[in-house]
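**Student:** Please work out how this folds:
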Amino acid sequence: MLRRLLPEFRSNDDRRFFLLHSPTTLIVLLILLSIITVLMLYSVPVLRKEGLGVFIKNIWRPSDYDPEAEVYGLAAAIYGSVYTGLIAVIVAAPLALASAIVVEELIPRRAKGLVSTLMDLMAATPTIIYGIWGMAYLAPLMHRVLLLLHHHLSWLPFFSEPPTTGYTIGTAGILLGIMATPYAAAVIREAYSMIPTHLREAAYAIGATRFEVVRILVSLIKPSILAGLALAFARAIGETVAVSLVIGNSFNISPSITVPGYTVSSLIASQFANAGLYMYMESALFAGGLVLFIVGLVVNALTIWYMKRWEEAIKRV
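**Tutor:** Modelled structure (predicted):
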């Protein structure tokens, strides 16, 4: 059985090469298994106490005197993570796609390297820089914008509540979208640059305009666009420092983007230092980490499933 799982070696060098590098993959898998195990084991106490209610309750009530009086619910934080992640994808999608098209199609070849480097520099910028920029500039700006939107569009659920500050779910989502754009753009740009030149030339040969050519080429990289946006979503829901500074840190479940909120990451960052003082709080925070892991796993699985279906459809054509 083991012999069937192992590859066939043409020489002793191939066998030595395999034996030298295969432990690396095993180490990575063991690390992943260790992460899953730790998250599950540390989540057990709160799951025993609250059951699945820890994921659907919107209560966060520690108790200094009676551990049994503690009640923890992650509903608001899970909602905030998914909501801000979706806002981030909505913001990052047009920015990433447009920047990739501009770099590959519109700007001169000599400027392409400079623009690409600047975009990569955005990805390498420490998240705390985005956070303090969001506090100093984006939050006050968003406060004015959200007040205006609430004044004119309060009949929409997204702007139904008056913003008291600029530290809101909407501000956090837009900041996360800006932070995730370089990652999505890098994936889309790489896929776009790998499209064979003869396809572009064939489109121009039949009289297509530049806009039509770009539309044809973009349709060829749909899986890469989806992969880039999935990466942006994963980047957004996992961000901690920057989102903690601008989201307002309040337990709210509302469709309105004008109110403060919480994400699982910001909840863990703000509460973990004091979690050891309570019987079940630390376990509840680990349960939140487990939820983030599962959400990321589901998003990646759906993305891979879509890409495989797309590849099968292309093969049939």
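
**Student:** Helices along the stretch 151-300 of the chain, start to end?
**Tutor:** In the stretch 151-300 of the chain, helices defined by DSSP state H, counting those that start in this stretch lie at 169-193, 197-205, 210-219, 222-238, 241-246, 264-275, 281-316, listed in chain order.

**Student:** pLDDT (mean, whole number) over the shortest one?
**Tutor:** What that stands for is helix 241-246. Helix 241-246 carries an average pLDDT of 90.

**Student:** centre of the chain versus that helix, how much separation?
**Tutor:** On the basis of C-alpha atoms, centre = their mean, to the nearest Å, helix 241-246 sits 15 Å off its chain's mean C-alpha point.

**Student:** name the helices or strands packed onto that helix?
**Tutor:** helix 127-133, helix 169-193, helix 264-275 (3 or more C-beta pairs under 8 Å, 6 or more residues apart in numbering; DSSP states H and E). Heads up, the C-betas are built off the backbone N, CA and C, glycines and all.

**Student:** from those, which stretch is densest packed?
**Tutor:** helix 169-193 (a mean of 25; mean count of other C-beta atoms under 10 Å).

**Student:** so what secondary structure elements neighbour that helix?
**Tutor:** Counting by 3+ C-beta pairs under 8 Å, 6+ apart, helix 169-193 packs on helix 75-101, helix 109-124, helix 127-133, helix 139-153, helix 222-238, helix 241-246.

**Student:** redo that, cut-off 10 Å
**Tutor:** helix 75-101, helix 109-124, helix 127-133, helix 139-153, helix 210-219, helix 222-238, helix 241-246 (3 or more C-beta pairs under 10 Å, 6 or more residues apart in numbering; DSSP states H and E).

**Student:** hang on, the earlier thing: looking at the helices of the stretch 151-300 of the chain, which is nearest to Ala136?
**Tutor:** helix 241-246 (9.9 Å; C-beta to C-beta).

**Student:** Which of the residues in the helix or strand Pro23 falls within are classified as buried?
**Tutor:** In the assignment (DSSP states H and E), Pro23 maps to helix 12-50. By neighbour count with 16 or more other C-beta atoms under 10 Å, helix 12-50 contains the buried residues 39, 42-43, 45-47, 49-50.

**Student:** ok, back up a step: just so I know, which of the helices of the stretch 151-300 of the chain lies nearest Ser63?
**Tutor:** helix 281-316 (9.8 Å).

**Student:** ok and that closest one relative to helix 12-50, angle-wise?
**Tutor:** 130 degrees (axes from the mean of the first three to the mean of the last three C-alpha atoms, to 10 degrees).

**Student:** Kindly spell out which helices and strands sit in contact with helix 281-316.
**Tutor:** Partner elements for helix 281-316 (3+ C-beta pairs under 10 Å, 6+ apart): helix 12-50, helix 53-56, strand 71-72, helix 75-101, helix 222-238, helix 264-275.

**Student:** Go again with 6 Å.
**Tutor:** helix 12-50, helix 222-238, helix 264-275 (3 or more C-beta pairs under 6 Å, 6 or more residues apart in numbering; DSSP states H and E).

**Student:** Which strands or helices does the second one pack on?
**Tutor:** Applying 3+ C-beta pairs under 6 Å, 6+ apart, one finds that helix 222-238 contacts helix 75-101, helix 169-193, helix 281-316.

**Student:** Same check on the first one?
**Tutor:** With contacts defined as 3+ C-beta pairs under 6 Å, 6+ apart, helix 12-50 has these neighbours: helix 281-316.

**Student:** give me that answer again for 10 Å
**Tutor:** helix 53-56, strand 71-72, helix 281-316.

**Student:** list the buried ones in stretch 153-167?
**Tutor:** Across stretch 153-167, burial judged by 16+ other C-beta under 10 Å covers 158-161, 163, 165-167.

**Student:** quick one: average pLDDT of that stretch?
**Tutor:** 90.

**Student:** one step back: got CSV for the helices and strands packed on helix 281-316, with distance to His150 too?
**Tutor:** As requested, the helices and strands packed on helix 281-316 are exported to CSV (distance: least, C-beta to C-beta, whole Å):
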stretch, distance to His150
helix 12-50, 36
helix 222-238, 24
helix 264-275, 24
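
**Student:** Wait, Ile90 touches Gly177, no?
**Tutor:** Yes: counting by C-beta atoms under 10 Å, Gly177 is a contact partner of Ile90 at 7.0 Å.

**Student:** Could you say which one of the helices and strands packed on helix 281-316 comes nearest to Met135?
**Tutor:** helix 264-275 (13.6 Å).

**Student:** ok so, going back, right, and the helices and strands packed on helix 241-246 - which one's nearest Ser250?
**Tutor:** Per C-beta to C-beta, nearest to Ser250 of the helices and strands packed on helix 241-246: helix 169-193, 9.6 Å.

**Student:** about what we covered before: need the helices and strands packed on helix 241-246 in TSV with distance to Pro223, can you?
**Tutor:** As requested, the helices and strands packed on helix 241-246 are exported to TSV (distance: least, C-beta to C-beta, whole Å):
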stretch	distance to Pro223
helix 127-133	28
helix 169-193	8
helix 264-275	28
